[in-house]
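K.L.:
Everything below, folded, please.
(chains A and B)
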Amino acid sequence: MNSPQIEIQLIAAVVAVACAIPGVFLVLRKMALISDAISHSILPGLVLGFFITEDLNSPLLIILAAFTGIITVVLVERIQKTGLVKEDTAIGLVFPALFSIGVILIAKNANDVHLDVDAVLLGELAFAPFDRLILGGVDIGPKSLIIMGVILLSTLLLLFLFFKELKVSTFDVGLSSALGFSPAIMHYGLMSISSVTVVGAFDAVGAILVVALMIAPAATAYLLTSNLKKMLTLSVCFGIFAAIAGYWLAHWLDASIAGSISTMLGFVFLTIYLFAPKKGLISVLYRQKQQRIEVSLLTFLLHLNNHQELKERHINHLREHINWQHVKAKTVVDLALKNNMITIDQQIISLTKKGSDFTNTALEYIITNKDEKIEHLKEDFFLFRG
Amino acid sequence: MKQKIAIQVDDLTVAYNYKPVLWDIDLVVPEAVLMAIVGPNGAGKSTLIKSILGIIDPIAGSVSIYGKPYDKQRKLVAYVPQKGSVDWDFPTTAIDVVMMGTYGSLGWIKRPGQKEKKASLEALEKVGMLSFKNRQISQLSGGQQQRVFLARALVQNAAIYFMDEPFQGVDATTEIAIINILKELRKAGKTVVVVHHDLQTVPEYFDWVTFLNVKKIATGPVKEIFNDDNLTKTYGINYKVAVNK
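P.N.:
Predicted coordinates for the structure are as follows:
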């Protein structure tokens, strides 16, 4: 690896981490689309900043662009508050309007500069190492790395200081407000951070990949954990992984780095969506199948419980009577045998002590719906895990 | 015996989009009562609580908690929102939700430590949920979630408790467990204000009641004012059969 290669991966990883952190809170607040809106509507801010300073590297661009990000959020909320349209519609009204203002401004006035719509939408990581920050004749490093580094450190500091406030205002707005942690301050704080991050990142990775970097890692981590801190850590890991793997995918395919990183993010999400231990598709299907079998088991045990007469408990009779197919009947009988819930003596099935205890507990649960009774069964039976 | 005044509300008016939801409410709640707020849907019951707690800004009127404005007295007040107002799929555990009750006394930035954790565990034990402390909150039943919310209020160790429909969607056992804890709080001199829907249980559970339907209809001891007259005024239909004394 040569040094620009390392720098590109470093920039990609830093951008990924800086996006993943606010992304977690956006996803939990069900505001994922807001990041999409911000990433587009910062354009007029950038263009105006460029007109004022005539310098693409001016910090004023970031400030103005972040400010348009906040304006987007405020406008969306205003429109939503009228009660005439829902939030998604409000988002769809606001950001194309702002974005198109930016597009027109560029087309009318800035045709001869580097600022073009393609660069804004897609970014170009491959060129990022060549745009260097030079202070007093000394090369400090790629400009986007320095900018994103500063943004990331600020985000981390704020996250560390206000983790508890962010958590409570995200989970329970009412309580947060009653406790004196203004949800409005937390909301606009998060929106400001998101805006600044999007502005800082879009130059390197473009407006569309920024959205992927914010939402996909958080959405993936959400499938794996029920702990906010772990969700943050996992998001960061997924972001870094996709950034590095995406870079090498682009290297191998000789394709856009930003596009490859997005593809990796999608791939990671798909993998986790299929294989996550609790919320994953395969695990859900398996659980549903097990639950079906367990319902059958319970039906079978209840039948045994209700009938003392031998005729009703004969293995052949059971098959006809409960009207199950052979395979299903065998599965259920095997499961009951495996759990020592029944004994079979000369083709007559009897409940064991364990079997009748289990039936009674389950029956009581179904009647009373009291969760405490079946706590100990949750380990072994999917049926009782809700 | 002259009781201290825990909550005083003067001329409170709240409006959504210029339509009044609460109209000129005057309310005095003495200390150490267990009070139900009853009224039909849309009567402004939740809004009343929320505006007392400063979650909603009233367009007129004032609120005082033990003689001072709410934002000076936050630490004296615990709040249990409606269970449906939060996302129970949020990645967190029962103990963590209870710990949120301690955030108020910690203030900004400071993190909860061992002391807060211990208090939270005790609160969970009080509501019979200690064995579920590490359970993901979406894996709890409706009644268990409500108990966790109650524990979160208990850990605030407040003087006044506001609860928004704590009995909604809970089973009978939980309802009795919750009301017993609330009665204990009252015995300990705390004031408890509950938005309540089930009129049948008012005389059994509460000793104080406020009838609300945009305007305040009546407020006072259950024994004196919980009658057909006030029920009819509040709900607009004849309630003669509702309560057997």
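K.L.:
Which parts of the chain are strands?
P.N.:
As the question left the chain open, I've gone with chain A. With DSSP state E as the criterion, chain A has strands at A:132-135, A:138-142, A:342-345, A:348-351.
K.L.:
nope, chain B
P.N.:
With DSSP E as the criterion, chain B has strands at B:5-16, B:19-30, B:34-38, B:60-65, B:77-80, B:160-164, B:191-195, B:208-213, B:215-221.
K.L.:
looking at these, which is closest to chain A?
P.N.:
strand B:77-80 (4.3 Å; Cβ to the nearest Cβ). All C-beta atoms are positioned from the backbone trio N, CA, C, and that covers glycine.
K.L.:
Can you list the strands that that closest one pairs with?
P.N.:
Sheet pairing of strand B:77-80 (DSSP bridges) gives strand B:160-164 (parallel).
K.L.:
average pLDDT across the partner strand?
P.N.:
Per-residue pLDDT over strand B:160-164 has a mean of 96.
K.L.:
Determine the angle, from 0 to 180 degrees, between it and strand B:19-30.
P.N.:
140 degrees (axes from the mean of the first three to the mean of the last three Cα atoms, to 10 degrees).
K.L.:
and chain B, which residues reach chain A?
P.N.:
Proximity of chain B to chain A (Cβ under 8 Å from any Cβ of the partner chain) is limited to residues B:17, B:50, B:53-55, B:71, B:74, B:77, B:79, B:81, B:85-87, B:90-93, B:97, B:100, B:103-104, B:106-109, B:111-112, B:131, B:136, B:138-139, B:141, B:143-144, B:152, B:171, B:173.
K.L.:
Is it possible to mark the buried ones in those residues?
P.N.:
Among these, those classed as buried by neighbour count (16 or more other Cβ atoms under 10 Å in any protein chain shown) are B:50, B:53-55, B:74, B:77, B:79, B:81, B:86, B:90-93, B:97, B:100, B:103-104, B:112, B:136, B:139, B:141, B:143-144, B:152, B:171.
K.L.:
closest to residue A:316 out of the strands of chain A?
P.N.:
Closest approach to residue A:316 among the strands of chain A (Cβ to Cβ): strand A:348-351, 10.6 Å.
K.L.:
Please identify the buried residues of the closest one?
P.N.:
Neighbour-count burial for strand A:348-351, counted by 16+ other Cβ under 10 Å, picks out A:349, A:351.
K.L.:
And it, what does it pack against?
P.N.:
On a contact count with 3 or more Cβ pairs under 8 Å, 6 or more residues apart in numbering or on different chains; DSSP states H and E, strand A:348-351 meets helix A:281-306, helix A:315-322, strand A:342-345.
K.L.:
chain center to the longest one, what's the gap?
P.N.:
Averaging C-alpha coordinates over helix A:281-306 and over its chain gives two centres that are 31 Å apart (Cα atoms, centre = their mean, to the nearest Å).
K.L.:
anything in it sitting right up against chain B?
P.N.:
No. Helix A:281-306 stays clear of chain B (Cβ under 8 Å from any Cβ), getting no nearer than 13.4 Å.
K.L.:
That helix: which residues count as buried?
P.N.:
Across helix A:281-306, burial judged by 16+ other Cβ under 10 Å covers A:293, A:294, A:296, A:297, A:298, A:300, A:301, A:303, A:304.
K.L.:
Identify, from these, the entry nearest to chain B.
P.N.:
Within the buried residues of helix A:281-306, proximity to chain B (Cβ to the nearest Cβ) peaks at residue A:294, which comes in at 17.9 Å.
K.L.:
Quick one: mean pLDDT over stretch B:114-129.
P.N.:
Rounded mean pLDDT across stretch B:114-129 is 94.
K.L.:
List the buried residues of that stretch.
P.N.:
B:116, B:119, B:120, B:121, B:123, B:124, B:126, B:127, B:128, B:129.
K.L.:
Just the closest of those residues to residue B:187, please.
P.N.:
Nearest to residue B:187 among the buried residues of stretch B:114-129 is residue B:126, at 14.1 Å by Cβ to Cβ.
K.L.:
what's the burial count for residue A:104?
P.N.:
By the measure other Cβ atoms under 10 Å in any protein chain shown, the count of residues near residue A:104 is 12.
K.L.:
do the same with residue B:188
P.N.:
Residues within reach of residue B:188, counting by other Cβ under 10 Å, total 9.
K.L.:
What's the end-to-end length of stretch A:217-232?
P.N.:
End-to-end span of stretch A:217-232 (Cα to Cα, to the nearest Å): 9 Å.
K.L.:
Out of the residues of chain B next to chain A, which sit inside helices?
P.N.:
Among these, the ones falling in helices (DSSP state H) are B:50, B:97, B:103, B:104, B:106, B:143, B:144, B:152, B:173.
K.L.:
of all the residues you listed, which two lie farthest apart?
P.N.:
Using Cβ to Cβ, the two most remote members of these are B:106 and B:173, lying 33.3 Å apart.
K.L.:
Is it correct that residue A:188 is in contact with residue A:71?
P.N.:
No. Residue A:188 lies out of contact with residue A:71 (Cβ atoms under 8 Å); the separation is 11.6 Å.
K.L.:
who's more crowded, those two?
P.N.:
More crowded of residue A:188 and residue A:71, by other Cβ under 10 Å: residue A:71, with 18 against 15.
K.L.:
any idea which residue sits dead centre in chain B?
P.N.:
Computing the C-alpha centroid of chain B and ranking residues by Cα atoms, centre = their mean puts residue B:163 first, at 1.7 Å.
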